[in-house]
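Undergrad: here's my sequence, what's the structure:
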Amino acid sequence: MGFFNFVQSLFSSNGKLNTVACPYCLRENSLSAKKCSGCSGDLTENYKRHYSRDKLLAVPIIGYTSSGKSVFVDSLVCTMLDLSDKQHWSKFEGTPVDTDTEKWLYEVILPNRAKDKVPLANNREDNFKRVLLIKGIPLWGDRIFTLRDVAGEHFEGFTFSEDVKEYIKQSKCAIFMIDVNEVLSDPALQFHTLFQRYVRTIIESGDSPRDRKIIIVLSKADLYRERLPKNLLEYLNNDPLYQANGGNSKPFFIDLSDPSALNNHAKVILPMIDQQLSSWIATLGNGGSQLLAQAKSEGVEIRFTIVSGWGSKPQLGATVNPLRMLDPLLWLLEFHSREV
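TA: Take a look at the predicted model:
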């Protein structure tokens, strides 16, 4: 089949796409398919109804088992819901588009959120796959978020395991979850090891890492407040939506309902914090400077954020006070908007 005929075959007679990317592995399938030809995941009519390639924001969340991936995703969604409830994002709407995500949202997230609580990560299943239609995001509009856990067991080989390779290859942006305390206390862990395996996985899959984007989320920051430089601690504590204990000044306050203020935060404040975090990580040893050098060598754009999914040391039944969960979301939207 010639290239023109191949492109023509992707579209129906009315000009609409005949294919749909699987939200679980990102392989292309016929729009009429009920299951993915690659991973056998369900292609629900609800998903296909809302699908368009430029709205699909696919994000592998890569980190060791104890890095806080599950709590991060729970708290990220809770933060978005709070932005809506408090009328910061008045047109925001989040809708699950598959059965597993619906059960997670309505049986885990919403009941716990009503009690101002999030479940502990070790009470949850591993290897989550979440697919949400998000509408009404200020500045960025609508997106389909597909979030996939790349958990610790995937790191045992030279590259990530086969069942996540295609998803990682097709995703142009990834989130790395790194617990600074964990890396600094375990000689077997280094800041740059996740990056090395990520790059190897892409190369062994026949693609190039160049021009990809990585958001490095320094998780569980409430547990290493004493390590943070004063400016970064002040930034962490003064979340615009939630306030940490002792976070009473607001040098980084933004009106979350004001698009111009939100845009300034995304375009000015976040790059400034990224630079400060990058400089700090380079001073810690354990592969921090190697991570920066290797990313530059491979042509991969990395950005640092710092968060606490709990806001304090997690205990069963503890009140949730997430900090800086908005920042990774805004970086994702910024990176995705450059692609579409």
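Undergrad: buried ones in the longest helix seen in the chain?
TA: In the chain, assigned by DSSP state H, the helix with the most residues is helix 69-85. By neighbour count on 16 or more other C-beta atoms under 10 Å, the buried set for helix 69-85 is 69-84. All C-beta atoms are positioned from the backbone trio N, CA, C, and that covers glycine.
Undergrad: helices of the stretch 1-150 of the chain, start to end?
TA: 3-9, 45-50, 69-85, 99-104, 110-114 (DSSP state H, counting those that start in this stretch).
Undergrad: residue 167: which of those is closest?
TA: Ranking the helices of the stretch 1-150 of the chain by proximity to residue 167 (C-beta to C-beta) places helix 69-85 first, at 14.7 Å.
Undergrad: so how far is that closest one off the chain centroid?
TA: Helix 69-85 sits 11 Å away from the centroid of its parent chain (C-alpha atoms, centre = their mean, to the nearest Å).
Undergrad: which strands or helices does it pack on?
TA: strand 56-62, strand 93-96, helix 110-114, strand 129-137, strand 141-150, helix 326-339 (3 or more C-beta pairs under 8 Å, 6 or more residues apart in numbering; DSSP states H and E).
Undergrad: hmm, try it at 7 Å
TA: strand 93-96 (3 or more C-beta pairs under 7 Å, 6 or more residues apart in numbering; DSSP states H and E).
Undergrad: neighbouring strands for the strand it packs on, and are they parallel or not?
TA: Using DSSP bridges, the strands paired with strand 93-96 are strand 129-137 (antiparallel).
Undergrad: what is the burial count for the nearest residue to residue 72 once chain neighbours are set aside?
TA: Once flanking residues are discounted, residue 72 sits nearest to residue 309: 5.1 Å by C-beta to C-beta, 6 or more residues apart in numbering. For residue 309, the neighbour count with other C-beta atoms under 10 Å is 30.
Undergrad: I'd say residue 309 and residue 75 touch.
TA: Yes - if you go by C-beta atoms under 7 Å, residue 309 and residue 75 touch, sitting 3.9 Å apart.
Undergrad: count the residues that sit near residue 327.
TA: As a burial measure, residue 327 scores 24 neighbours (other C-beta under 10 Å).
Undergrad: tell me the contacts of the residue nearest to it when sequence neighbours are not counted?
TA: Of all residues not flanking residue 327 in the chain, residue 305 sits nearest, at 4.3 Å (C-beta to C-beta, 6+ apart). Contacts of residue 305 were listed using C-beta atoms under 7 Å, 6 or more residues apart in numbering, and they are 215, 217-218, 324, 327-328, 331.
Undergrad: and those residues as a markdown table, adding distance to residue 239 and pLDDT?
TA: Converted to a markdown table, the contacts of residue 305 look like this (distance: C-beta to C-beta, whole Å; pLDDT from 0 to 100):
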| residue | distance to residue 239 | pLDDT |
| --- | --- | --- |
| 215 | 18 | 97 |
| 217 | 15 | 97 |
| 218 | 15 | 97 |
| 324 | 6 | 94 |
| 327 | 9 | 96 |
| 328 | 13 | 96 |
| 331 | 16 | 96 |
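Undergrad: on that earlier part again, tell me the spacing between the residue nearest to residue 327 and residue 274.
TA: Distance of residue 305 to residue 274, given as C-beta to C-beta, to the nearest Å: 7 Å.
Undergrad: contact partners for the closest residue to residue 130 other than its chain neighbours?
TA: Residue nearest to residue 130 in three dimensions, not counting chain neighbours: residue 147, with 4.5 Å by C-beta to C-beta, 6+ apart. For residue 147, the contacting residues are 59, 61, 73, 130, by C-beta under 7 Å, 6+ apart.
Undergrad: mind running it again at 8 Å?
TA: 59, 61, 73, 128-132 (C-beta atoms under 8 Å, 6 or more residues apart in numbering).
Undergrad: follow-up on the earlier one: and the residue nearest to residue 327, what element?
TA: Using DSSP states H and E, residue 305 sits in strand 301-306.
Undergrad: try residue 289
TA: Going by DSSP H and E, residue 289 is in helix 288-298.
Undergrad: average pLDDT for that helix, rounded please.
TA: The pLDDT scores in helix 288-298 average 95.
Undergrad: residues of stretch 232-240 that come out buried?
TA: For stretch 232-240, by 16+ other C-beta under 10 Å, it's 232-233, 235-240.
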